[in-house]
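> need a structure here:
(one chain, ligands or ions: 3)
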Amino acid sequence: MKAAVVRAFGEPLVIEERPDPEPGPGQVRIRVEASGLCHTDIHAAHGDWPVKPRPPFVPGHEGVGLVEKLGDGVTHLRVGQRVAVPWLGRACGRCEHCLSGWETLCEQQINTGYGCDGGYAEKMLAWADFAQPVPAGVTPLDAAPLTCAGVTTYKALKVAGVRPAQLVAVSGVGGLGHLAVQYAKIAGATVAAIDVTDEKLELARELGADIVIDARAQDVGAELKKHGGAHAAIALAVNPAAFEAVNSGLRRGGKLVMVALPAHGTIQVPIFDTVLNGTSVIGSIVGTRQDLDEVFRLHAAGRTRVIRETRTLDSVNESIDAVLRGEIKARIVFDLGVDG
Ligand code: NAD
Ligand code: ZN
Ligand code: ZN
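Ligands and ions are numbered 1, 2, ... in the order given. The predicted structure follows:
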C-alpha cells in the first residue's frame with residue numbers, strides 16, 4: 001500500500017510503498033477512501049509542538065474508509081462498513097476524564113497520525129472502539145473534514161456555551177473556521193468572521209456570517225466592540241497576534257476559546273482587563289465520539305456544507321505549501337477512492 005511518510009521534521013513527505021498493516025486485538029484495518037489535510041498535520045510534519053511525534057510516521061487524522069479486516073475481539077464493526085478515524089485514536093476508558101465524558105483529556109490517549117500512523121495512506125489501522133461509523137448520507141469526501149475540523153469547532157462552541165442572540169467571533173475561516181461559522185449559526189448566534197484574504201471573507205458570508213472583518217485593514221477588537229463585543233471568540237488562526245486581537249474584542253463576561261496551535265504560541269493577556277471584565281480564556285481540544293456522532297448527524301440532515309478541494313495523495317507536499325500560502329478555500333481532501 002502507498003503511504004505519505006514524514007521521515008524528518010521540516011522535510012518534504014516521501015511517498016512510500018509499505019506492506020498492508022495487520023490489525024492487532026481490538027483493531028481494524030481500513031481501506032482509506034478520503035483523507036483530509038488538517039493544519040495540525042503540518043505542525044506534526046514540522047515538529048512544531050513541545051510534544052513531538054517520532055519520525056518516520058504517517059500523518060492524518062481525518063481518514064475515512066471501509067473496514068477491510070477485523071482484529072481479534074472486534075464484534076461491533078463489520079467488513080465493508082464505513083468509518084472515520086479521528087485524532088483521538090484511543091483513550092483508556094477508565095480514568096477520571098474518560099469516565100466523566102472528557103475522553104479527549106485522557107492522559108493515556110494515542111493520537112492518530114501523531115502517536116501512531118494515520119490516514120495519509122491507502123490503508124490504516126484503527127482501534128475499533130474509536131473508529132466512528134459514518135452514517136449513510138455523509139459521503140467519504142465530506143466525512144473527512146468533519147472528522148477533525150467539524151468535531152473540533154462543534155465542541156469549541158459547546159465549550160463556549162453559545163446561546164441564541166449571542167455574538168460569536170470566528171477568527172480564521174480556514175478548514176476549521178468555515179465549519180465554526182455554520183455551527184455558530186445553528187446555535188442561533190450572530191457571527192462575526194475574521195480573516196486576512198478576500199476569498200475567505202466572501203466564503204464566510206456565503207456560509208452565513210453576519211459581519212466580516214478584514215484583519216489586514218481593520219482593528220478587530222474595535223470592530224467587535226462596535227457590535228457590543230463578542231460573547232465568545234473562537235481562535236482558529238495560526239497566529240498569536242490574532243488571539244490577542246479577538247481577545248480585545250470580547251464583551252464583559254466573554255470567553256476566548258483557544259483552538260489553533262501556532263508553534264511556540266504565547267499571548268499577552270492583560271490582567272486588569274480580564275479581571276475587571278470577568279472574561280475567561282479556555283483551551284479546547286477536538287471532541288468526543290459523541291460530539292463526532294452529532295456532527296455527522298447534522299451533516300446527514302443537510303444542516304452543514306463542507307467546502308473542500310480534492311487532490312491525490314501524490315500532491316501532498318504541494319498541498320501543504322498551498323495551505324501555508326492561504327490559497328485553499330477551506331479544506332484539502334486527498335481522494336483515495338477505492339478504484340484508485
Ligand atoms: P487553516 O490553515 O485551514 O486555517 C487558518 C485560517 O486562518 C486561514 O483561513 C487563514 O487565512 C486565517 N488567518 C491567518 N492569519 C490570520 C489572522 N491574522 N487573522 C485572522 N485569520 C487569519 O488551518 P485549520 O486546519 O483550520 O487549523 C487551524 C489551527 O487549529 C491549526 O493550528 C491547527 O493545528 C489547530 N487545530 C486545533 C485543534 C484542537 O483540537 N484544538 C484541532 C484541529 C486543528
Ligand atoms: Zn482515560
Ligand atoms: Zn485536525
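> interface residues of this protein facing ligand 2?
Residues of the chain lying close to ligand 2 (C-beta under 5 Å from the ion) are 91-92, 95, 98, 106. Every C-beta, even on glycine, is put in place using the N, C-alpha and C of the backbone.
> shouldn't Ser319 be in contact with His39?
No: if you go by C-beta atoms under 8 Å, Ser319 and His39 don't touch, sitting 11.7 Å apart.
> break this protein into its domains for me.
Per automatic domain parsing, the domain ranges recorded for the chain read 2-133+307-335, 150-283.
> helices of the stretch 51-200 of the chain, start to end?
Using DSSP state H, counting those that start in this stretch, the helices of the stretch 51-200 of the chain run over 96-99, 140-145, 151-160, 175-186, 198-206.
> so can I have a markdown table of these showing distance to Gly26 and mean pLDDT?
Compiled in a markdown table, these are given as follows (distance: least, C-beta to C-beta, whole Å; pLDDT from 0 to 100):
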| stretch | distance to Gly26 | mean pLDDT |
| --- | --- | --- |
| helix 96-99 | 16 | 98 |
| helix 140-145 | 23 | 98 |
| helix 151-160 | 22 | 98 |
| helix 175-186 | 30 | 98 |
| helix 198-206 | 40 | 97 |
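> now do the strands in the stretch 151-300 of the chain.
167-171, 190-195, 211-214, 230-235, 250-258, 280-283 (DSSP state E, counting those that start in this stretch).
> Serialize those strands to TSV and add fields for mean pLDDT.
Converted to TSV, these look like this (pLDDT from 0 to 100):
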stretch	mean pLDDT
strand 167-171	98
strand 190-195	98
strand 211-214	98
strand 230-235	98
strand 250-258	98
strand 280-283	98
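> any chance of the ones you listed in CSV, plus distance to His178?
Below are the strands of the stretch 151-300 of the chain laid out as CSV (distance: least, C-beta to C-beta, whole Å):
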stretch, distance to His178
strand 167-171, 9
strand 190-195, 9
strand 211-214, 13
strand 230-235, 12
strand 250-258, 17
strand 280-283, 22
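> list the contacts of stretch 331-340.
Under the contact criterion C-beta atoms under 8 Å, 6 or more residues apart in numbering, stretch 331-340 has outside partners 31-37, 62, 65-66, 120, 122, 141, 144-145, 149, 174-175, 178, 306-313, 315-316, 319, 322-323.
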